[in-house]
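Asker: dropping a prediction and its sequence here:
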Amino acid sequence: MTLSFPPGFLWGTATAAYQIEGAAAAYGRSPSIWDDYLREHGTHGDTGDVACDHYHRWQHDLDLAARLGAGAYRFSASWSRVMPDGRTVNREGLDFYERLVDGLLDRGLTPALTMYHMDLPAHLDGGWSNRDTALRFADYAQVLTETLGDRVGMWMTVNELYYESWVGYAEGAFPPGHRDSAKAVAALHHMLLAHGLGVSAVREHSPAAEVGLVSGYAPVVPATDHPADVAAASTAHTHSIDVVLGPVLQGRYPQEYAEHPARAEALAATVVDGDLDLIGAEVDFIGLNYYFRRHVVAADRVTDPEVVAVADPPGDFLNLTHLKEIGAAEVRPRSRHRTMADWTPEPEGIAQMLTDVTADYGPVPIHITENGLPLPDYAGTDGAVRDPERITYLRDHLAGIHTAIAGGADVRGYFVWSLLDNLEWTSGFGHRFGLVHVDYATLTRTPKASFDWYAQVVADNAVPTGHPVPANALPTTDSIPTTTRPAAESQREMIQGAS
Ligand code: FCB
């Protein structure tokens, strides 16, 4: 059996600049907040110095994207490559993105360009908690749209605003590493403002294109039926999801957030008259990244035997300050498969997300801008890379999207994260999300079994639901190499060799 998608459904893959480009200290690029941060806090010292060396191998990578037969390719521009000092344009950096956009068009792919995907220029003092950063972003968005606006068909302003602001400014787990919730409230607001300013730039210089933002969306569900857990999950949902979609789609923050004792003061000190009009300017679509759901209980119930029993390991919970402040705590669900990134695939959550968004915000056009699975993929002795778990994962999530479309959700497209294995931020190169395997010592690209599977989905505009795994994707007895050189080691040698 196959599940057919609507005619014209847009299939694609996604990447982001810092995760693939490399050439971090070349061609006029200035450091982003990630460069130094990863030297200190990365896994095995993995950084974006070389990454996939996409900056030099982009033609081959675009050939791979085209070989999938997909209609679009989502990528991001590096702000510190385009405007290294935040004010002057680095022509060489901008030229790179012109080459990419033209290269995509030559191959029949719609360029879907994310203006900003986590890699803030390091010299922007205060980062997103400073309002000036949003104004600098407006200049950057002008430069991008003036130069590329005649050729880019889809613009995405800012990626995963909630995640970046809370993890980086309140939990201290991403750069700039702050632990201050007031800063996170301000950072989120300024990222929303940047989105609004980005939309204005697109309307002015790229009037034929579509524009939207990209929000992470992890549906929040109560881990038990207890009314206090149900209430905590609802609050956490509002503070993590509606806090982005409300301003963008309705021009206002949810009242529960704006009036919350832990947030109200910081928000009032941040918002300036007129901001929400800009932020709420009409978009053509919203991009949603879906990976997992969050299972939440009331913060004061974490030692309750009922909660201890549903947590895995029992009694454990993720100690997140920003949830605690609003009376919630997150636990990992029990007895389900965990990915190497320590989250649980829950394909049913993607249909839930789409149904909820449609119910909460009306039939807004949606693109799934990221969805994918990290695996420790490796090439077998015959050179093939077999990733049946990824095929099953993608199939089950696409089936969920299909169900949601049948139920009335207006889903227009789907982008697999990612085209290539790449630098998974603080988790390093070990977390491989690609349809294409990258050997970080040689930078050789090898399409995985999931690549062929996805190419067939694109060709058929339909997802097979029968046997999940094509014969060529079945695992063999190849053994995983017991010693693998950390990617950073060979990449450091490459840089030394080149200098
Ligand atoms: C998302 C990010 C993306 C990638 C995936 C796995 O949160 O937007 O860059 O790291 O997770």
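Answerer: Yes, it's here.

Asker: residue 318 - nearest residue in space that isn't next to it in sequence?
Answerer: Closest residue to residue 318 apart from its sequence neighbours, by Cβ to Cβ, 6 or more residues apart in numbering: residue 330 at 4.5 Å. Placement of C-beta: from N, CA and C, glycine included.

Asker: pretty sure the one you found contacts residue 298?
Answerer: No - contact criterion Cβ atoms under 8 Å: residue 330 and residue 298 do not qualify, at 11.5 Å.

Asker: sorry, back to before: wait, a helix at the residue nearest to residue 318?
Answerer: No - the assignment for residue 330 (DSSP: H, G, I helix; E, B strand; the rest coil) gives strand, which keeps it out of a helix.

Asker: which strand residues bridge it?
Answerer: For residue 330, the beta-bridge partners under DSSP bridges are residue 296, residue 318.

Asker: that one - how many residues pack around it?
Answerer: Around residue 330 there are 23 other residues, counting by other Cβ atoms under 10 Å.

Asker: ok, residue 57 - contacts?
Answerer: Applying Cβ atoms under 8 Å, 6 or more residues apart in numbering to residue 57 gives the contacts 443, 445.

Asker: over to the one 5 residues further on?
Answerer: Contact criterion Cβ under 8 Å, 6+ apart gives 73, 100, 103-104, 107, 109 as the residues in contact with residue 62.

Asker: pick the one among the residues you listed closest to the ligand.
Answerer: residue 73 (14.9 Å; Cβ to the nearest ligand atom).

Asker: against which helices or strands is the helix or strand where the closest one lies packed?
Answerer: Following DSSP states H and E, one finds residue 73 within strand 72-76. Applying 3 or more Cβ pairs under 8 Å, 6 or more residues apart in numbering; DSSP states H and E, one finds that strand 72-76 makes contact with strand 10-14, strand 110-116, strand 154-159, strand 411-417.

Asker: who does whichever helix or strand comes after that strand touch, helix- and strand-wise?
Answerer: Beyond strand 72-76 on the C-terminal side, the first helix or strand identified by DSSP H and E is helix 79-82. With contacts taken as 3+ Cβ pairs under 8 Å, 6+ apart, helix 79-82 sits against helix 91-106, helix 131-148.

Asker: now those helices in JSON lines, with distance to the ligand?
Answerer: Output for the helices and strands packed on helix 79-82, formatted as JSON lines (distance: least, Cβ to the nearest ligand atom, whole Å):
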{"stretch": "helix 91-106", "distance to the ligand": "18"}
{"stretch": "helix 131-148", "distance to the ligand": "18"}
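
Asker: which one of the ones you listed lies nearest to residue 368?
Answerer: Residue 368 sits nearest to helix 91-106 of all the helices and strands packed on helix 79-82, at 19.7 Å, using Cβ to Cβ.

Asker: off-centre distance for that closest one?
Answerer: Averaging C-alpha positions (Cα atoms, centre = their mean, to the nearest Å) puts helix 91-106 22 Å from its chain's average.

Asker: name the strands paired with the strand holding residue 73 and say parallel or antiparallel.
Answerer: Within its sheet, and counting by DSSP bridges, strand 72-76 is paired with strand 10-14 (parallel), strand 110-116 (parallel).

Asker: hey, which of those is tucked in deepest?
Answerer: strand 110-116 (a mean of 26; mean count of other Cβ atoms under 10 Å).

Asker: all helices of the stretch 151-300 of the chain, in order?
Answerer: Under the criterion DSSP state H, counting those that start in this stretch, helices of the stretch 151-300 of the chain are mapped to 161-169, 181-205, 227-237, 243-250, 255-258, 264-270, 275-279.

Asker: now mean pLDDT and mean neighbour count too, for these, in CSV please.
Answerer: As requested, the helices of the stretch 151-300 of the chain are exported to CSV (pLDDT from 0 to 100; neighbours: other Cβ atoms under 10 Å):
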stretch, mean pLDDT, mean neighbour count
helix 161-169, 98, 24
helix 181-205, 98, 24
helix 227-237, 98, 20
helix 243-250, 98, 23
helix 255-258, 98, 16
helix 264-270, 98, 15
helix 275-279, 98, 19
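
Asker: what does this structure have sitting close to the ligand?
Answerer: Residues of the chain lying close to the ligand by Cβ under 6 Å from any ligand atom are 16, 19, 159-160, 163, 216, 289, 370, 417, 424-425, 433.

Asker: any idea how far the one residue in the stretch 101-250 of the chain that gets nearest to the ligand lies from residue 289?
Answerer: Nearest to the ligand in the stretch 101-250 of the chain, going by Cβ to the nearest ligand atom, is residue 160, at a distance of 4.8 Å. Relative to residue 289, residue 160 is positioned 6 Å away (Cβ to Cβ, to the nearest Å).

Asker: now do the shared contacts for those two.
Answerer: Counting by Cβ under 8 Å, 6+ apart, the residues touching both residue 160 and residue 289 are 214-216.

Asker: most neighbours, which of these?
Answerer: Using other Cβ under 10 Å as the neighbour test, the shared contacts of residue 160 and residue 289 are led by residue 214, with 29 neighbours.

Asker: and the pLDDT at the closest residue in space to that one that isn't next to it in sequence?
Answerer: Residue nearest to residue 214 in three dimensions, not counting chain neighbours: residue 287, with 3.8 Å by Cβ to Cβ, 6+ apart. What the model reports for residue 287 is a pLDDT of 99.

Asker: quick one, what contacts the closest residue to residue 414 other than its chain neighbours?
Answerer: Excluding its sequence neighbours, the residue lying closest to residue 414 (Cβ to Cβ, 6+ apart) is residue 368, at 4.6 Å. Contact analysis of residue 368 by Cβ under 8 Å, 6+ apart lists 287-290, 350, 401, 411, 413-415.

Asker: just confirm residue 368 is within a strand.
Answerer: Yes - applying three-state DSSP, one finds residue 368 inside a strand.

Asker: would you mind measuring from it to residue 215?
Answerer: 11 Å.

Asker: who touches both of these two?
Answerer: With Cβ under 8 Å, 6+ apart, residue 368 and residue 215 have common neighbours 287-289.
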